[in-house]
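Peer 1: Sequence isn't available, so here's the structure alone:
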């Protein structure tokens, strides 16, 4: 439980620092034998700032609960 709490804390801090992830996805539009047409789509995955805070708090609670139990 302690390890899961530490992982949650790290993920939560990363979510607070990096507000979103940007990436490019390439899709095949037309494929006519040797001729191929591709389209690049730019996508963004974002999350609210409070989600990172909730993850940090949950991780701290898990670490503290494991400490009391041991």
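Peer 2: On my side now, so go ahead. Bear in mind the structure is a predicted one, so any value in this text is a computation, not a measurement.
Peer 1: Correct me if wrong: residue 36 contacts residue 27.
Peer 2: No - Residue 36 is beyond contact range of residue 27, at 11.4 Å (criterion: Cβ atoms under 8 Å). Bear in mind the C-beta positions are built from the backbone N, C-alpha and C, glycine included.
Peer 1: Can you give me every residue that contacts residue 65?
Peer 2: 1, 5 (Cβ atoms under 8 Å, 6 or more residues apart in numbering).
Peer 1: which SS state does it fall under?
Peer 2: When classified by DSSP: H, G, I helix; E, B strand; the rest coil, residue 65 comes out as helix.
Peer 1: Do you know the pLDDT at residue 70?
Peer 2: The model reports residue 70 with a pLDDT of 64.
Peer 1: quick one: the helices in the protein?
Peer 2: Taking DSSP state H as the test, the helices found in the chain are 2-17, 49-69.
Peer 1: Quick one: the ones you listed as a markdown table, columns for distance to residue 43 too.
Peer 2: Below are the helices of the chain laid out as a markdown table (distance: least, Cβ to Cβ, whole Å):
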| stretch | distance to residue 43 |
| --- | --- |
| helix 2-17 | 18 |
| helix 49-69 | 19 |
